[in-house]
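S.K.: 3D model of this:
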Amino acid sequence: MRSISNCPFNTVVLGVEVTVGGIDLTPDGRIVALCSRGGMRQSIGILDLPLPSPAPEGAQWIEAYRHWAA
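M.R.: Below you'll find the predicted structure:
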């Protein structure tokens, strides 16, 4: 797991609060947030991850990646 932002932090994905426990790089090169809620886990593409307000420490790296990917 690669630490890009200050994890864990909470955010809301599709109306459900989740905990982002880390950031990872998939074998095909995508950057994903490792999200969990209860016992469920889901990887969410970092470009699709809504950031909470205020944004966690290190979120500038996510924003920089978004800018680069656009």
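S.K.: tell me, what residue is most central in this protein?
M.R.: Ala33 (3.4 Å; CA atoms, centre = their mean).
S.K.: for Thr19, see how far away that residue is.
M.R.: 10 Å (CB to CB, to the nearest Å). Using the backbone N, CA and C atoms, a C-beta is placed for each residue, glycine as well.
S.K.: mean confidence score for stretch 17-35?
M.R.: Taken as a whole, stretch 17-35 has an average pLDDT of 93.
S.K.: what about it, how long is it end to end?
M.R.: Here the two ends of stretch 17-35 are set 10 Å apart, with distance taken as CA to CA, to the nearest Å.
S.K.: any idea how far that stretch is from the chain center?
M.R.: 6 Å (CA atoms, centre = their mean, to the nearest Å).
S.K.: after the longest strand anywhere in the chain, which helix or strand is next?
M.R.: Using DSSP state E to define each element, the chain has its longest strand at strand 16-25. In the C-terminal direction, the helix or strand that comes right after strand 16-25 (DSSP states H and E) is strand 31-37.
S.K.: list the buried residues for the very next helix or strand once past that next one?
M.R.: As assigned by DSSP H and E, the chain's next helix or strand after strand 31-37 is strand 40-45. Going by neighbour count (16 or more other CB atoms under 10 Å), the buried part of strand 40-45 is Ile44.
S.K.: over to stretch 35-54?
M.R.: Buried, per 16+ other CB under 10 Å, within stretch 35-54: Cys35, Ile44, Ile46, Leu49, Leu51.
S.K.: not counting its neighbours along the chain, what's nearest the third one?
M.R.: Counting by CB to CB, 6 or more residues apart in numbering, the nearest residue to Ile46 once its immediate chain neighbours are dropped is Ile31, at 4.3 Å.
S.K.: beta-bridge partners for Val16, please?
M.R.: Judged by DSSP bridges, the bridge partners of Val16 are Val13.
S.K.: circling back: the longest strand of the chain - contacts with which helices or strands?
M.R.: Strand 16-25 is packed against strand 9-13, strand 31-37, with contacts defined by 3 or more CB pairs under 8 Å, 6 or more residues apart in numbering; DSSP states H and E.
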